[in-house]
Structures are given as structure tokens and as C-alpha cells.
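**Q** sequence first, predicted coordinates after that:
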Amino acid sequence: MTTDTTTKDTAPGAPAPGTTVLDARGVTMRFGGLTAVRDVDLTVNSGEIVGLIGPNGAGKTTFFNCLTGLYIPTEGEVRYKDKVLPPKSFKVTAAGIARTFQNIRLFANMTVLENVLVGRHTRTKEGFWSAILRGPGFHRAEAASRARAMELLEFVGLDAKADHLARNLPYGEQRKLEIARALASEPGLLLLDEPTAGMNPQETRAAEELIFAIRDQGIAVLVIEHDMRFIFNLCDRVAVLVQGQKLVEGDPATVQGDERVIAAYIGEPMENDPGAAEAAEVEAAEAAAEEKAEAAAAGTGAGADAEAEAEATTDAAPGKENDR
Ligand SMILES: Nc1ncnc2c1ncn2[C@@H]1O[C@H](COP(=O)(O)OP(=O)(O)OP(=O)(O)O)[C@@H](O)[C@H]1O
């Protein structure tokens with residue numbers, strides 16, 4: 001991967017650092033009786049990498065889907081560069097938001113280069129007749145698209161594999177290709193859904209470098225990830241979703257030290273948690289069982305005799321090895 005962070009490739013129209021590019025307000029998503037996301041506010045500023053974390057089922061992907069037009073939020077509003085987003089994913093991509101998916105979605109039987117070219121369709125101005133007639137305008141546009149796609153492949157470190165079939169790439173490289181394809185739409189905001197899932201530590205480190213390089217090109221990044229070390233190292237700001245609601249938001253140090261976040265992750269009962277009474281009951285039962293076991297171990301040997309008896313019974317059982 002090249003880590004050239006000069007601004008020559010800065011996304012066209014990249015806003016000044018610190019300007020709000022994404023502004024989600026009061027986003028709520030219900031599926032029938034289930035509220036997967038409840039009243040979530042989140043902003044992402046240009047030049048920022050923001051992390052979205054939370055336990056399984058917290059609503060992270062649902063929230064992403066609300067930002068990218070895959071779902072229309074039941075309530076709330078999402079603005080990108082001050083404009084309310086259209087409710088169709090291809091229009092959201094055209095507006096400037098690109099994404100990758102938790103489960104890689106590449107065209108497995110197309111080449112690496114072709115996959116990136118597909119990602120450029122929202123930026124290709126040549127229309128239907130131009131493509132059919134294949135005049136000079138079409139050929140010029142096609143050459144420019146290929147050049148840009150190769151540039152992106154070089155950026156993610158896959159230029160040498162441009163002609164390989166996507167399905168033949170190792171897992172970590174497939175993830176990089178997905179990122180290159182997303183970048184091909186020249187986004188101002190990139191959403192990454194678990195970009196390091198299934199990666200080894202070396203690949204994770206490379207992914208981290210790649211995301212920094214993307215940010216340095218003027219593209220804001222919002223990333224969902226379960227790997228805490230990765231997220232706290234990478235992000236300027238982290239928001240924590242728990243049961244569909246934003247629990248905490250702040251810089252990595254603040255979020256890491258927040259007791260509510262620790263409780264949500266290790267499954268300890270939170271304040272006013274309706275499951276607290278049940279958890280206390282289980283804890284008491286476990287303590288009682290432990291006490292009983294300790295008493296048996298330190299007891300008169302009755303426990304040991306019973307154990308020996310049980311062992312003898314087992315050994316003498318028909319069908320066992322010693323039943324000759
Ligand atoms: N299309 C859907 N229809 C019904 N329920 C859904 C739908 N999508 C998600 N859910 C539910 O919404 C809740 C949030 O799911 P979501 O996938 O957004 O969580 P997540 O935080 O991304 O989880 P994970 O970290 O495991 O990917 C879950 O209870 C899930 O079962």
C-alpha cells in the first residue's frame with residue numbers, strides 16, 4: 001500500500017477540516033415491535049475518523065443502513081453536507097457516501113480492476129447512447145475511468161493483481177478491494193462495516209494504515225468494529241450503541257474509561273437494569289454451590305467414599321472396557 005498523503009488526490013469538493021459532513025438526528029428504526037435504533041444523533045466532521053461500537057445486536061449495522069438509504073428511518077433525519085439524503089442507496093452513493101459491508105460483497109467472477117470500474121458508475125458522465133455507439137467521447141471516458149481505477153488499486157496495494165479474479169484474492173485483499181471499489185465513487189464520507197473481521201494482526205495493522213491514508217485524502221470515515229484495540233488506536237471520536245441507543249460518545253480515552261461501556265461489554269448489570277435481580281439470584285446460587293463443594297472437600301471423607309463408589313459402579317458397568 002502506498003501511504004502517500006499529499007493532497008493531489010483529495011476528493012473533489014472536500015470541505016474544510018472540521019466542517020460537519022454527516023449529521024444524523026433522532027434516527028429511529030423499528031422492525032414491527034422491535035426498535036433496533038432509538039433516537040440516535042451522530043455527526044461526522046471532515047478530517048475525522050469516528051468509530052461506532054457496541055455489543056452484538058446493538059443496532060450498528062441498522063444505523064449504517066439508515067445512513068446509506070438501504071433503510072428509511074422510521075423517525076429522524078440524515079443530512080450529508082447540509083442536504084437531506086435521498087431514500088435510495090444509489091442516490092446516496094451519488095451524493096457522496098460510500099460503504100463496505102460486514103459480509104464482503106464483491107463480484108467474485110469479475111477481475112479486480114472490473115470490480116473497481118463498477119464502483120465508478122455513479123461518476124461516469126457518458127450516457128446510454130455514448131456507450132452503445134462507442135464514439136471518441138466514450139473511449140476517452142473509459143480510459144480515464146481505467147486510469148483512476150488503477151490509481152485506486154495502487155493506493156490500496158492491489159495494482160499488481162488488477163487482472164486476477166476477485167474470488168482468488170486472499171480474504172484480507174478482498175476487503176481492500178471492497179474499499180477501493182467504494183473509493184471509486186469519489187466519496188466525501190466512507191462507511192466501513194467491520195473492515196478487519198477475519199483479518200490477522202498484520203492485515204489489521206495494514207488496514208489501519210490504509211484508513212489513515214484515506215482520511216488524509218480528505219475523506220471522513222465512520223467505522224463499525226469489534227476490535228477495540230483497532231478502534232481506540234484509529235478513531236478521533238467513538239460512539240457506543242447499546243440496545244439501539246447511544247450510551248456514550250467521546251474521545252477514545254473517555255470511552256475506554258467509562259464504566260457503563262465496560263459494563264455493557266462484559267455483561268455486568270447496569271444501573272437500573274431490569275435484569276439485575278435475576279443476575280443477583282444467579283450469583284447467590286453460584287456462591288452457595290461453591291460453598292457446598294468446599295465443605296465436601298474439607299469434610300469427613302464421606303464425599304471421597306461416595307466418589308470411589310461411583311467410580312467402581314462406572315467401571316463395573318457392562319459394555320465398559322473392564323467388562324471382559
Ligand atoms: N431487517 C430486519 N428485520 C428485523 N429485525 C432486524 C433487521 N435487521 C436487524 N434486526 C434486528 O435489529 C437488532 C440490531 O441488529 P444489528 O444487525 O443492527 O446489530 P449490530 O449492532 O450491527 O450487531 P452485530 O455486531 O452482531 O453485527 C437485532 O436485534 C436484529 O435482530
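**A** Cool, got the structure.
**Q** from the ligand, how far off is residue 29?
**A** 8 Å (Cβ to the nearest ligand atom, to the nearest Å). Using the backbone N, CA and C atoms, a C-beta is placed for each residue, glycine as well.
**Q** what's the mean pLDDT across the helix or strand that residue falls within?
**A** Taking DSSP states H and E as the definition, residue 29 sits inside strand 20-31. Strand 20-31 comes out with an average pLDDT of 95.
**Q** what element comes up after that strand heading to the C-terminus?
**A** Assigned by DSSP H and E, the successor of strand 20-31 is strand 34-45.
**Q** which parts of the stretch 51-200 of the chain sit against the ligand?
**A** Taking Cβ under 6 Å from any ligand atom as the contact definition, the stretch 51-200 of the chain meets the ligand at 54, 56, 57, 58, 59, 60, 61, 62.
**Q** thinking again about what came up before, show me which residues of the strand holding residue 29 are buried.
**A** 20, 21, 22, 23, 24, 27, 28, 29 (16 or more other Cβ atoms under 10 Å).
**Q** one step back: weed out the non-buried ones from the residues of the stretch 51-200 of the chain next to the ligand.
**A** Listed as buried from those are 54, 58, 59, 60, 61, 62; burial here means 16+ other Cβ under 10 Å.
**Q** quick one: secondary structure of the nearest residue to the second one once chain neighbours are set aside?
**A** Of all residues not flanking residue 58 in the chain, residue 241 sits nearest, at 4.3 Å (Cβ to Cβ, 6 or more residues apart in numbering). Recorded secondary structure, residue 241: strand (DSSP: H, G, I helix; E, B strand; the rest coil).
**Q** from what I see, residue 24 and residue 76 are in contact.
**A** Yes: judged on Cβ atoms under 8 Å, residue 24 makes contact with residue 76 at a distance of 6.9 Å.
**Q** quick one: common contacting residues for these two?
**A** 40, 66 (Cβ atoms under 8 Å, 6 or more residues apart in numbering).
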